Every structure is written in structure tokens, then in C-alpha cells.
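Asks: all I have is the shape, not the residue letters:
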DNA sequence: TCACGATTAAGTCAACCGATTGAATGAGGA
DNA sequence: TCCTCATTCAATCGGTTGACTTAATCGTGA
């Protein structure tokens, strides 16, 4: 039962921290504030359970990352060996808003994730870990197979763009939901659809060879 | 000459601050550090010239915003009353990487702008100001005219997506340039082309009416 | 039963923060 | 010339932070 108590405390700390981080940014929130918000009169709670702020951030991201991976596994099974890029984009996109929807309202994770991805220090920790996720890699492989006509460099660029789009669009939707300024019909399902449409359009857009490049190599 | 001295000091402070903010995030950098990095042995420099950190951030954003607006004015004149969406997207996109290119290397503004846009506090200050820019509004109007077939809500959503895409893609390109990990052919002109292609694709993507929505309103 | 060890609480410490104050500097106008 | 005042510098204040140390709490296994 000692383990239960510790696990409960870890859980409370992670929840409080996620909210505070989402509201104020990573470096604007001290370990003390987190411990206090988590009901731990102690100032060393975060340090004791997570080592430091970085460990806490990593733990939160890992927890959600695993849940998202689980949802993605379902979508992967549904997609099978489809050659329709829309299926694969859905496999990439939908697990995120679906997970956020499962958190109830208000949720904080999307905004928290943006803070993490934007922090010059934490950024590396998370992007590394994301690429170790098996189902995500399978999804990216399947996506790449639908885009083999695209030059590798363009494909990589647009992949990054899609990643940014998912992260920040979900965060803004979450913020709108929390502030009550979201349109009535706004829902996570709609967000998933809108993102899928947009990213399919983005990835399949024709590549125009630039006037600038031609000018520069010209006579 | 007193004005010159003050203007010079303001300039040095803004440059140092932009770099520090881009490297470490807004709330991770204290006014003291900025003053010190700007060669002002004094801890009061930022407070004296800009009131507080928010004033400093606003001053930096305004300075670059005006320069970007000036470039956009040129593009607006070139575009005229075109009905090609690609022209209007270029008018929206190109001023940003062109301005960043004019700053030389390494530049810090794109990464700084990301930090500002993701700070829960500063965010509002900047987005408000951006919408007061005349040429930006004209660009958005022209863009809207090319997309009148699109439902207003979808148009707004995709506009936000385009904004995120520009901001974060430029920041990542800037980071790659600074770290020397950028592909050889990488240049700001290429970034402008890649962004324009992607955003045109994103904005003109077909809207699929979702299965989810239909299910929910069904029998 | 009882000592052990994991967990939580409480207190301390130097370092740093933003803000304020007052003095030193030096260019510009009377 | 000499006063004025924008600018810079130096010192100080209360408050906060992260790291550290010590003590209290309380399941758990011997």
C-alpha cells in the first residue's frame, strides 16, 4: 500500500503540474508551486518523486504518449495495407484529438504539449522519445509509401509541418473549449476531420519549382 | 545626442533580449540577464527603457512587424487584383522568410516569435497588434475572396493553421541554419516556396463531411 | 511485536529576482 | 558659464527559488 500512496501522489503531482504548465509555461512555474497545488505541504515533493522538473515533464509526456499509442494501434489495424493517403493521415491525426476528448473538459494536455515542444531545453527530450514509438513509426512508414512520388526532402519538410499543425491546432481548440469561446458545433471529432482534410491537402499539394532558384542558377 | 545614446542602448537591449529569449524562453530570462548581456552593468536598464519585460517584448515585435509590413506592401502592389490564390498566399507568406533572410545569419527573430506566440501572457498582446496591420488585413481580404466557396468556419480554421505553419516552419528553418544542420540547398527562398505550396494545398483541400457528425445526428 | 525503510513534513540556506531609491555623469539650453 | 534633466550606475529591500538537512509518520516484513 506504500506503493499505492506514492503512485497516487505522483498522479496528483502530474495532474497539477500539467495544468500549471499549460496555464503559465514551463519555466514560469516552480517546483514549489506544483507541490503546493498538489496538496503536498512539502517543497521537496517534485524533487523526491521526479528528480527535477525535466523528469516530471518527461513522465507526463510518456503517460499521454502511451495512451495515444494505444489508440493509434486500433487505427493501424483498421487501416491495414490501404493505399489511400487519407487513411494514413487519419491514423496519424485522429489518436490525438480522440485522446484529448477522452480526458473530459477542461483538459490541459494539448496546451501543455505545446509548452513542452516550444521550450528550447525540453524539446529534445520529447522529440527523441516520440520517434521510439512503434505504431507512430509504422504510421509514418505507411504515409511515406503513399508519397513516394514526392522528393524526400519535401516529404520531410511537410511531415514537420503536419506535426506542428496537429500540435497547435489541438492546443487552440482545447483553449477555445476551456474559455467557452468555441463555436457550438466544435468538437474533437470535427477537429480530427478538419486536421485530416488540411494535412491531406498539404501533403499532396503540387511542388512548384521556384522562380527564385531558376533565376539564381540562370545566366 | 542624448536621444542617440538612448536609442543605441534600446537597440542593444532589444538585440540581446531577442537572442536570449529565443535561446531560453521568455520567462527563463530575467531583466537582469538582459541588461548584463547588453553591456549595461546596471540592473535597471530594461525597466528604465521599456517599463517591464512585456514592454520590451512588444517593442521587439513591433520593430520586426513594421519591417515585415513594408515588404508585404511591395508584394501587395505586385499582386494587384489577382484571382490566383497562389499570389495571395505568397503575399501572406513571403514577407516573413524574406525579412528573416535580410537579418543575416544567425538570426533569432523567428525563434523569438515562437516563444512570444506560445507564452500564455504575451500571446494576446501580439495577436491583437498583428490584426491592426493594414497590409496584412488587405492580404487576408484578398485571400478570403479566393476562398469564398469555403464555409466561413472552415476558412477561419485553416487561416489559423496557415499562421501556425508560417511561424513554426520559419523558426525550425532558422534553428537548422543556426545549428548548421540545414540541408545544403536550404535557403529562405526555398522556405518561402515550400510554405506557399503547402499552404495553397491546405487552403484548397476539399472538405469532407464527416462520418462522425452524420452518425450523431442520425436516427 | 517491532525495527526498517519509504514517504511526507518542516526548517534552513545561499542565490537570484523585480522594484525602488538616490547619486554620478554629462550633453543641451538659458 | 551654470543649471537642467535624461541617462547610467550602485546599493538596497522584501520575496521566491532550488537544494539540502532533519524529523515525524506509518505500512510492512522479519
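Replies: Yes, it's here. All of these numbers come straight from a predicted model, not from anything done at the bench.

Asks: and chain A, what are its domains?
Replies: A:1-51, A:57-206 (automatic domain parsing).

Asks: what residues does chain A put near DNA strand D?
Replies: A:1, A:2, A:30, A:31, A:32, A:33, A:43, A:44, A:47, A:52, A:53 (CB under 7 Å from any atom of the strand). C-beta coordinates here come from the backbone N, C-alpha and C atoms, glycine included.

Asks: pLDDT wise, what is the third one at?
Replies: The reference is to residue A:30. pLDDT for residue A:30: 97.

Asks: show me what contacts it?
Replies: For residue A:30, the contact set (CB atoms under 8 Å, 6 or more residues apart in numbering or on different chains) is empty.

Asks: and the last one, by the same measure?
Replies: The contact partners of residue A:53, by CB under 8 Å, 6+ apart, come to A:26, A:31, A:46.

Asks: residue ranges with poor pLDDT in chain A?
Replies: A:1-2, A:184-186, A:210-219 (pLDDT under 70).

Asks: measure the residue nearest the centre of chain A to residue A:197 for me?
Replies: Most central in chain A under CA atoms, centre = their mean is residue A:167, positioned 4.9 Å from the mean C-alpha point. For residue A:167, the distance to residue A:197 equals 17 Å [CB to CB, to the nearest Å].

Asks: helices along chain A, start to end?
Replies: Along chain A, the segments classed as helices by DSSP state H run A:2-24, A:31-37, A:45-50, A:53-79, A:85-93, A:95-102, A:109-118, A:122-130, A:134-146, A:152-179, A:188-204, A:211-217.

Asks: ok so, going back, can you list the domains of chain A in a markdown table and add distance to residue B:142?
Replies: Putting those into a markdown table (distance: least, CB to CB, whole Å) gives the following:
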| stretch | distance to residue B:142 |
| --- | --- |
| domain A:1-51 | 35 |
| domain A:57-206 | 20 |
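
Asks: so which of the ones you listed is nearest residue B:110?
Replies: domain A:57-206 (12.5 Å; CB to CB).

Asks: any idea how far that closest one is from the chain center?
Replies: Domain A:57-206 sits 6 Å away from the centroid of its parent chain (CA atoms, centre = their mean, to the nearest Å).

Asks: is that domain in proximity to chain B?
Replies: Yes - interface with chain B: domain A:57-206 contributes A:111, A:114-115, A:118-121, A:153-154, A:157-158, A:160-161, A:164-165, A:168-169, A:172, A:183, A:189-190, A:192-194, A:196-206 (CB under 8 Å from any CB of the partner chain).

Asks: residues from chain A in reach of DNA strand C?
Replies: So chain A meets DNA strand C at A:2-3, A:5-6, A:8-9, A:40-45, A:48-49 (CB under 7 Å from any atom of the strand).

Asks: please repeat the previous calculation with a cut-off of 6 Å.
Replies: Applying CB under 6 Å from any atom of the strand, we find that chain A lies next to DNA strand C at A:2, A:3, A:5, A:6, A:9, A:40, A:41, A:42, A:43, A:44, A:48.

Asks: show me which pair in the residues you listed is furthest apart.
Replies: A:3 and A:43 (23.3 Å).
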